[in-house]
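In: With the sequence up front, the predicted model follows.
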Amino acid sequence: MSNPDSNRPAGFSAVHDGKILRLTLTKPKRKNAIDYDTMLALGDAVLAAAADRSVRVIVLTGEGGDFCTGADLASGPEEAARGITSDMVMDAANRLVKAIVDAPVPVIARIRGAAAGVGVGMALAADLVYASEDSYLLLAFINIGLMPDGGAAAMVAAAAGRPLAAEMALLGERLPAPAAKQAGLFTAVVADAELDAKVEAAAAKIAAGPRRALELTKTALNAATLGALDAALAAEKAGQSELLQSPDFFEGATAMLTKRKPVFQD
């Protein structure tokens, strides 16, 4: 996938530390909301790591107090002016999530604060998810007239079952870290001060492991649990592309940006 403006700076950093690749979203003032360019560039980084035999594990996180609060709606008008369509944004998000899921090396998500919107899909696409006690998951799409995307609904259902997936998607309320752990969505929840040590210990252990065995293990686990992901991503793209053109989304996005309660008509 080509980027219409490849000279734009990406909103993430990549640090290759021995056998560990650390990918960090770097827009803390925007709560690491992710725009189209960053989706593309981050997807490129994960795909490149998959082909790099020196990488044994990927750690995905966000700078500051949040993991990722979803798509950056504030970048929408500027992206539209550059000819970036909603279908292109959906394709970029789906490509990123699939790159994480299909990476031949394990991916660890380090979650602090919010993992919301497509940030939920990015987090749950990882193989191991370590979170601080104050973190949470949030599928808030319904609150602005949209539906979950990034494979989030499919991955929540795969790990925690349909009832919780429906509750998160239809009510649009936060799921605190302890509840996410109890439901099987997080690998572990620890005190904030212990989060880095927990992630580093897991990354170091994986980095010392046999790459091919790690790859085949991951492939088998994904085959057993995420067989419906491609169909879900296709359904999400079709539905979301329609909803992104709707009056309800315009109302929901305007209300969110102006900090008022939306009034839906449809």
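Out: Good, I have the coordinates.

In: Show me which residues of the least confident helix or strand in the chain by mean pLDDT are buried.
Out: The least trusted helix or strand in the chain, going by mean pLDDT, DSSP states H and E, turns out to be helix 76-81, with a mean of 86. Using 16 or more other Cβ atoms under 10 Å as the test for burial, helix 76-81 gives 76, 79. Heads up, the C-betas are built off the backbone N, CA and C, glycines and all.

In: same question, stretch 13-24
Out: 14, 19, 20, 21, 22, 23, 24.

In: so which pair among those is furthest apart in space?
Out: 19 and 24 (17.4 Å; Cβ to Cβ).

In: re earlier: pLDDT for the buried residues of stretch 13-24 - can I get that in CSV?
Out: Shown next, in CSV, are those (pLDDT from 0 to 100):
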residue, pLDDT
14, 95
19, 96
20, 97
21, 97
22, 97
23, 98
24, 98
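
In: contact partners of whichever helix or strand residue 197 is part of?
Out: Taking DSSP states H and E as the criterion, residue 197 maps to helix 195-207. With contact meaning Cβ atoms under 8 Å, 6 or more residues apart in numbering, helix 195-207 is reached by 18-20, 56-57, 59, 61, 105-106, 108, 110, 112, 128, 130-132, 188, 190, 214.

In: wait, which of the buried residues of stretch 13-24 is closest to residue 259?
Out: Residue 259 lies nearest to residue 24 out of those, by Cβ to Cβ, at 28.5 Å.

In: Next, the contact list for that closest one, please.
Out: Taking Cβ under 8 Å, 6+ apart, we find residue 24 in contact with 12, 13, 14, 15, 60, 61, 62, 63.

In: Inside helices: which ones of these?
Out: Using DSSP state H, the subset of those located in helices is empty.

In: what ranges do the helices span in the protein?
Out: Taking DSSP H as the criterion, the chain carries its helices at 36-50, 76-81, 86-102, 118-125, 152-160, 162-171, 177-182, 195-207, 211-225, 229-243, 247-257.

In: Pull out the buried residues from the helix holding residue 197.
Out: 195, 198, 199, 202, 203, 206, 207.
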